[in-house]
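Undergrad: All I have is the shape, not the residue letters:
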């Protein structure tokens, strides 16, 4: 009897030990499954972050490439839809400039909001290279704004290919009397230099300053 009791006691002890081993295995399996799930979640989170980041970069690049051109489109559409108002506006601005020339060119403390961060990857260099010049300062713009800048023509085929010349003409047609309305610090050359020689950014700042000046002081 005593021998059987010892055997039974030993069997129970081995069974308990086996149960402990089995529970440890289960915990280990659960831990591994949890670790695997956490790793998968982390991978999915990273993938989503990269996808969102890539999409934001794509969206920002698209915005950079279309913003200035879109401003030209909207201004032109307004002139086309309301030709009489456009003519009256031009006439009033000319009178405004003539009568208030001395007051128009005062220094302004207003800082133009940043429309986008300059990115060469979204730009093309339209600076004209002349044979006599060695160090040419790049002049940047997007392809969509370049179409407005050169009126849809090839720059290489133009008699006057200088982008600054065409930029001055474009601003003059879009924003009548701009150069007369603003002092030296906001003339187009300075706007361009202050915006890293980016025509898109310089144009957007010109539009911003012009619209605020006209809206505040004219009508």
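TA: Right, received. Where do you want to start? These figures come from a predicted structure and were not determined experimentally.

Undergrad: Every contact and neighbour count from this point should use C-alpha atoms.
TA: OK.

Undergrad: and the next element down the chain from the worst-scoring helix or strand of the chain on mean pLDDT?
TA: Lowest on mean pLDDT, DSSP states H and E among the helices and strands of the chain sits helix 101-104, with a mean of 52. Once the chain leaves helix 101-104, the next helix or strand it forms, by DSSP states H and E, is strand 124-125.

Undergrad: In its sheet, which strands sit next to that next one, and in what direction?
TA: strand 140-141 (antiparallel) (DSSP bridges).

Undergrad: Let me see the ranges of the helices in this protein.
TA: Ranges of helices in the chain, per DSSP state H, are 2-81, 83-99, 101-104, 143-149, 163-174, 178-181, 188-194, 199-217.

Undergrad: which residues touch the closest residue to residue 94 other than its chain neighbours?
TA: In this structure, residue 94 finds its nearest non-sequential neighbour in residue 177, 6.9 Å apart by Cα to Cα, 6 or more residues apart in numbering. By Cα atoms under 8 Å, 6 or more residues apart in numbering, the contact set of residue 177 is 93-94, 97.

Undergrad: List buried residues within those residues.
TA: If you count burial by 16 or more other Cα atoms under 10 Å, the buried members of these come out as 93-94, 97.

Undergrad: Closest to residue 15 out of the residues you listed?
TA: For those, the minimum distance to residue 15 (Cα to Cα) is 98.9 Å, reached by residue 93.

Undergrad: Could I get the average pLDDT for stretch 141-149?
TA: Stretch 141-149 comes out with an average pLDDT of 94.

Undergrad: Can you give me the buried ones in it?
TA: 141-146, 148-149.

Undergrad: Redo those residues as a markdown table? Include distance to residue 159.
TA: Output for these, formatted as a markdown table (distance: Cα to Cα, whole Å):
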| residue | distance to residue 159 |
| --- | --- |
| 141 | 20 |
| 142 | 22 |
| 143 | 20 |
| 144 | 21 |
| 145 | 20 |
| 146 | 16 |
| 148 | 17 |
| 149 | 14 |
